[in-house]
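> This is a predicted model, with the sequence first.
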Amino acid sequence: MRTKITLLSLMTVFCISNLASQLAPDFTVTDFNQKTHKLYADYLDKDKVVVIKFFFVGCPPCASVAPYVQSAYTRAGSGSGNVEFFQITTLSSDKNATVKSYHQSKGLTFPGIGSDGNSAQALAPYKSGTFGTWYGTPTFVVIAPNGEVDYNVNMSAGNPYGLDTAIARAFRKVNNGGGGGGGMECEDSFTVKTITQLQPDGYYIVDYQGGNPTQTLDSGLYYCQFPLPQNLDEVFVLPYINKKDSSLNGITTGDIVRIQRHILGLEALNNLQLRCADVNNSGSVTAADVSEIRKLVLGVTSKFSRLTESFAIAHNPKSKNYWDYDNKVLVRDLINKTKTNEFGVCKFGDVSGALLLKEDIFENRAQRIQSATVSEEMISPLLWSYTIALRDFNQLEAFQFGLKFPVDELVQLELCDALSNWSYDYAIDRRNSYFKVSAISDLKENSNPATYVLKLKTRSKVNLKELEAQEFLPEFIYKSGATANDFKLQYEDSPSRLVLVYQQYSTNSLIIESTGSLSRLELFDLNGRVLYSAALDSLTRVHVVSEIDQIMPKGPGFIRIYDETGKMECKSFVRI
């Protein structure tokens, strides 16, 4: 059994080695413009790469990928450089005239070969299994100048640069097929890549000094498809992005937190984060950038005033060396491999999103709900008070949330002592009845008890609701690093301490009872006019107002009491 396994292994190695050593057979074809093409004499022997797409006219996937093949052909020089493309049919019914009509309808400019152009000779070795299993059309083949075959190249809408990669590999093959004298075909080849989830539209090669034309390097691969300037002193690779995005998308108080921590020296931002944090385009990250982002978050402004672009680009995005802070890299450094070939793209202001690398997801949002308790109190017929307290306030590092209510009823808004060691801003949108707040702790120990963060006074009773996420995303960032994006208001039950007893048999007195001690008592009418006031002994729980008929007329009235702590409560009654 051991001998058989050894023989089988040797046979397998021999077969694989034999398969890998096969070179592309020569062929001669005639395209639909009656031009003759010889694989070796016209191309390989002249140190050129040949790309073949096997197809047939009625093939749907062939048609869907055709625009990407045309783009690759254009990037490779449209046949005028050292790469040539062919589209070769697999069906005898596709004549040159049919293939020509197909090319014209699809806007394809590379040569096409029909059955009467000798397509069968070019197809046969690839369909026979010599280079691998034939899976049908489209099948892509890239042939290096030394005749080596890259069979069944992955090229699709999801991988539009598959041919660029295969072409770059082909140029690195040693030329054993003649014509080139051997050696590497493109000694100055290099690649660049973007490692973030956000990607550029492509890359430019820009000569800032020599005045040479800017070249496009959409795939990030340079394999000598066009000549570089002789002087590379100021020749850079620069990614470019044409798309725009709403200034606010993806930006929250969490981004302000990270910038503030950077300014305080508590967290070092990487190059990409520094680039997208500089929203006032000053070349540095300061409190001015924090102010710009906060105004945008709260809706005070609709865009960053000094920016014309939506996205930022940084070379060497992971680096935290502030001196290595740029959006481009010298071509010479890429050729010599003295600088990294990595770029990053981020949205201006989205410092958290700048950490979203392709292989890494930074955000780890906790599945928790941040709740706030609401205490409601009627102070007078024309004044109501609402106190909002955040649960687990002392565990928070930053937050933003919004409330929806008829703000035209708002009399007073107060951000309270619990935020004395916080920086905060708020905005009121009276037209849409919104209130928004954004706050960040300065990370000092808070000596004030975190009883409540916000108090509103309104002209009448209002219904406070959470502002929906599409209008203003709630966000709560905890000192532990967790983040919550759900916000719920919970109204507190406020059991009354007042019991009003109106003595029917004694129409000239009002008896007021309380479950706790009273310090002061007032009676007032519907207009808020105080009709009766009394300072009470600290032990008083029952108070009788005599001669009530002389103090207030029949009908509705209001009573307001204060307990020994100064807390106030208001209640209505009707004198009959």
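On my side now, so go ahead.
> mind listing what the spatially most central residue of the chain touches?
The residue lying closest to the centre of the chain (CA atoms, centre = their mean) is residue 353, at 5.1 Å. Contacts for residue 353 (CB atoms under 8 Å, 6 or more residues apart in numbering) come out as 198, 250, 276, 346, 347. Bear in mind the C-beta positions are built from the backbone N, C-alpha and C, glycine included.
> Which strand runs longest in the protein?
Across the chain, the longest stretch assigned as strand under DSSP state E is strand 369-380.
> what does the next helix or strand after that one contact?
Scanning forward in sequence from strand 369-380 by DSSP states H and E, the next helix or strand is strand 383-390. The contact list for strand 383-390 (CB under 8 Å, 6+ apart) reads 370-379, 396, 399, 403, 411, 450-462, 464, 476, 489, 528.
> Quick check: residue 111 touching residue 34?
No - judged on CB atoms under 8 Å, residue 111 makes no contact with residue 34 at a distance of 10.9 Å.
> Which of those two has more residues huddled nearby?
Neighbours per residue (other CB atoms under 10 Å) separate residue 111 from residue 34, with residue 111 holding more: 21 against 8.
> Leaving out sequence neighbours, find the closest residue to the more buried one.
Of all residues not flanking residue 111 in the chain, residue 31 sits nearest, at 4.0 Å (CB to CB, 6 or more residues apart in numbering).
> The one you found against residue 112, yeah?
Yes - Residue 31 is within contact range of residue 112, at 6.0 Å (criterion: CB under 8 Å).
> and for those two, which residues touch both?
Counting by CB under 8 Å, 6+ apart, the residues touching both residue 31 and residue 112 are 86, 96.
> okay, those two: which has more neighbours?
Set residue 31 next to residue 112 and count neighbours by other CB under 10 Å: residue 112 wins out with 29 against 21.
> bridging residues for the more buried one?
residue 87 (DSSP bridges).
> what residues are up against it?
31, 32, 86, 87, 88, 89, 96, 99, 100, 102, 103.
> next one: residue 306
Contacts of residue 306 (CB under 8 Å, 6+ apart): 279, 280, 281.
> Just the closest of those to residue 221, please.
Closest to residue 221 out of these is residue 281 (31.9 Å), distances taken as CB to CB.
> Going along the chain, name the helices of this structure.
2-20, 60-75, 96-106, 119-127, 162-171, 253-263, 271-277, 287-297, 331-335, 548-551 (DSSP state H).
> which residues sit against the shortest one?
For helix 548-551, contacts defined as CB under 8 Å, 6+ apart pick out 507, 508, 509, 510, 523, 531, 532, 545, 575.
> now it, how far from the centre of its chain.
Distance, stretch centre to chain centre, for helix 548-551: 69 Å (CA atoms, centre = their mean, to the nearest Å).
> residues of it that come out buried?
By 16 or more other CB atoms under 10 Å, the buried positions in helix 548-551 come out as residue 548.
> Export it to PDB, keeping only CA atoms.
C-alpha atoms of helix 548-551 as PDB (Å, rounded to 0.1, in the frame of the first residue of the first chain):
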ATOM      1  CA  ILE A 548     -62.600  81.300  52.600                       C
ATOM      2  CA  ASP A 549     -65.600  83.100  51.100                       C
ATOM      3  CA  GLN A 550     -63.900  86.400  51.800                       C
ATOM      4  CA  ILE A 551     -60.600  85.200  50.200                       C
END
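> Just give the number of residues close to the closest residue to residue 556 other than its chain neighbours.
The shortest distance from residue 556 to any non-neighbouring residue, by CB to CB, 6+ apart, is to residue 574 (5.2 Å). By other CB under 10 Å, the residues close to residue 574 number 10.
> Please apply the same query to residue 489.
Around residue 489 there are 15 residues (other CB under 10 Å).
> and if you look at residue 197?
15.
> Mind pulling up the pLDDT for the closest residue to residue 488 other than its chain neighbours?
Excluding the flanking residues, the one nearest residue 488 by CB to CB, 6+ apart is residue 371, at 4.8 Å. As predicted, residue 371 sits at a pLDDT of 89.
> isn't residue 371 right next to residue 490, touching?
Yes - applying CB under 8 Å, one finds residue 371 in contact with residue 490, separated by 5.5 Å.
> what does the average pLDDT come to for stretch 430-446?
Rounded mean pLDDT across stretch 430-446 is 80.
> That one: which residues count as buried?
Counting neighbours by 16+ other CB under 10 Å, the buried set in stretch 430-446 is 433, 434, 435, 436, 437, 438, 439, 440, 441, 446.
> for the third one, which residues make a bridge with it?
According to DSSP bridges, residue 403, residue 428 are recorded as the beta-bridge partners of residue 435.
> related to what we said a few turns ago, tell me the contacts of the residue nearest to residue 556?
555, 556, 557.
> Pull out the buried members of those residues.
Buried, going by 16+ other CB under 10 Å: residue 557, out of the contacts of residue 574.
> Quick check: strands, which of the contacts of residue 574 are part of them?
555, 556, 557.
> nearest to residue 165, of those?
Among the ones in strands among the contacts of residue 574, and counting by CB to CB, the member closest to residue 165 is residue 556, at 83.3 Å.
> which residues of the stretch 51-200 of the chain score low on pLDDT?
173-186 (pLDDT under 70).
> Apart from its neighbours in sequence, what residue is nearest residue 233?
Counting by CB to CB, 6+ apart, the residue nearest residue 233 is residue 209, at 6.2 Å.
> Now do the same for that neighbour: its pLDDT.
86.
> any idea how far residue 80 is from it?
Noted for residue 209: a distance of 27 Å to residue 80, by CB to CB, to the nearest Å.
> Please apply the same query to residue 316.
From residue 316 to residue 80 the distance is 35 Å (CB to CB).
> again, but for residue 452
74 Å.
> same thing with residue 145?
Taking CB to CB, one finds residue 145 at 17 Å from residue 80.
> Looking at those two, which one has more neighbours?
residue 145 (26 against 9).
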